[in-house]
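**Q** 3D, please:
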Amino acid sequence: MLFAELKRLHSLPFFDLIQQARAVHQANWPEGEIQLCTLLSIKTGGCSEDCSYCAQSARYKSGVESERLMGKDQIMVRAQAARDTGSTRFCMGAAWRGVRGGTQRFEQVLDIVRDVSSLGMEVCVTLGELGPDEAKALKEAGVTAYNHNLDTSPEHYPNIVTTHTYEDRLRTIRNVQDAGMSVCCGGILGLGETNDDRLKMLEVISEFNPQPESVPINSLMPMPGTPMAGKDPVDAFDVVRMIAVTRIAVPKAKVRLSAGRTRMSDETQALCFFAGANSIFYGDKLLTAKNPAVEKDRELLSKLGLGTQQPNPAMSAPGVEGDRPLSPACAVEEEADCGCGCA
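**A** Have a look, this model is predicted:
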């Protein structure tokens, strides 16, 4: 969806926007169910990147200690507990710039994925940058979806991260899609961006071909020691508006109400669900940030009369739309000569 249309939608009176988003949501997700996902940091801290919101960067004194990759047995205990408490997607995150095939750590991750996928849940990983071969290996091991957020607009991105580029992120997303995995791709509100930045990010995401299978909308959790530590909380109405516009722009995606829910009232979360959110992270922790307790989430969903989605580990990735260009792989005009392997 083009920026001008996204801006028109975002500028609508609040209730007009919510009404339109609700109609799109009911047309595409009539069951009234919420996807429950659990996120586990399987390798925490010590990351070489300088993402200014992230407590796991080795460049900041955030108090997060660097840890080795968790053992498979530990991860399986957490995965089984997630399944037993109702999660249908198990997401594993590692604080790395990326992974490379043939290395010990990548082989360990593939082994972990194979075992987790045997539990009957959907499997999502976020490991940083991926090449085409690594993407194919993850798909073959049993990964359902790969998370790689854009964070913000192309214009604002250099103010947030300098150790990799927007084009690096787009290239990974294209590799994931080419391997046949679903893409989970969203952003973070509260990074000092403008409304236009938020909508330009959504323009890029909505123009992917195929569109993402899920779109997480995060609100910044300012982490001590990071450059974003003093940022003000995101306004609740801004979150609801972004959920609503995302639902209209990416109608068939799961729109995930992600980081920041500890700062939201039940009423704000209910508005988000009404406007089109149909997925949450579920459990006591999101990588290094707190998350609402399982019992509290269950109580809220019960009050709202919302059911929960069943896992679908065999789901197919969204198909390419033939009359639209493929998702971009890089910003170089002559792709055959760019050297990134995207041609």
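**Q** pull the longest strand from the chain.
**A** Using DSSP state E to define each element, the chain has its longest strand at strand 33-43.
**Q** Export only the CA atoms of it, formatted as PDB.
**A** Taking C-alpha atoms only, strand 33-43 is exported to PDB below (Å, rounded to 0.1, in the frame of the first residue of the first chain):
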ATOM      1  CA  GLU A  33      -9.000 -16.100  17.800                       C
ATOM      2  CA  ILE A  34      -5.600 -14.900  19.200                       C
ATOM      3  CA  GLN A  35      -2.300 -16.600  18.300                       C
ATOM      4  CA  LEU A  36      -0.300 -17.300  21.500                       C
ATOM      5  CA  CYS A  37       3.500 -17.200  20.900                       C
ATOM      6  CA  THR A  38       6.400 -17.800  23.300                       C
ATOM      7  CA  LEU A  39       9.700 -16.100  22.800                       C
ATOM      8  CA  LEU A  40      12.900 -17.500  24.200                       C
ATOM      9  CA  SER A  41      16.400 -15.900  24.000                       C
ATOM     10  CA  ILE A  42      18.600 -18.900  23.300                       C
ATOM     11  CA  LYS A  43      21.800 -16.800  23.100                       C
END
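**Q** in its sheet, what does it sit against?
**A** strand 89-94 (parallel), strand 279-281 (parallel), strand 307-308 (parallel) (DSSP bridges).
**Q** will you turn these into a markdown table that also has distance to Ser316, mean pLDDT and mean neighbour count?
**A** All C-beta spots, glycine's among them, are computed from the backbone N, C-alpha and C. Listed next are the strands paired with strand 33-43 as a markdown table, based on distance: least, CB to CB, whole Å; pLDDT from 0 to 100; neighbours: other CB atoms under 10 Å:
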| stretch | distance to Ser316 | mean pLDDT | mean neighbour count |
| --- | --- | --- | --- |
| strand 89-94 | 16 | 93 | 24 |
| strand 279-281 | 18 | 93 | 25 |
| strand 307-308 | 22 | 94 | 14 |
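**Q** Columns distance to Gln56 on top of those strands, output as JSON lines?
**A** JSON lines is the format used below for the strands paired with strand 33-43 (distance: least, CB to CB, whole Å):
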{"stretch": "strand 89-94", "distance to Gln56": "9"}
{"stretch": "strand 279-281", "distance to Gln56": "17"}
{"stretch": "strand 307-308", "distance to Gln56": "30"}
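**Q** what's the neighbour count on the residue nearest to Ser182 when sequence neighbours are not counted?
**A** With sequence-adjacent residues excluded and distances taken as CB to CB, 6 or more residues apart in numbering, Ser182 is closest to Glu213, at 3.5 Å. Applying other CB atoms under 10 Å, we find 23 residues neighbouring Glu213.
**Q** and Glu213, what is it in contact with?
**A** Glu213 makes contacts with 145, 182-184, 253-254, 315, 317-318, as judged by CB atoms under 8 Å, 6 or more residues apart in numbering.
**Q** Then Thr162?
**A** By CB under 8 Å, 6+ apart, the neighbours of Thr162 are Asp50.
**Q** What strand or helix carries it?
**A** If you go by DSSP states H and E, Thr162 is not part of any helix or strand.
**Q** Next one: it from Pro13, what distance?
**A** 39 Å (CB to CB, to the nearest Å).
**Q** pLDDT score assigned to the residue nearest to Ser182?
**A** Looking at Glu213, its pLDDT stands at 97.
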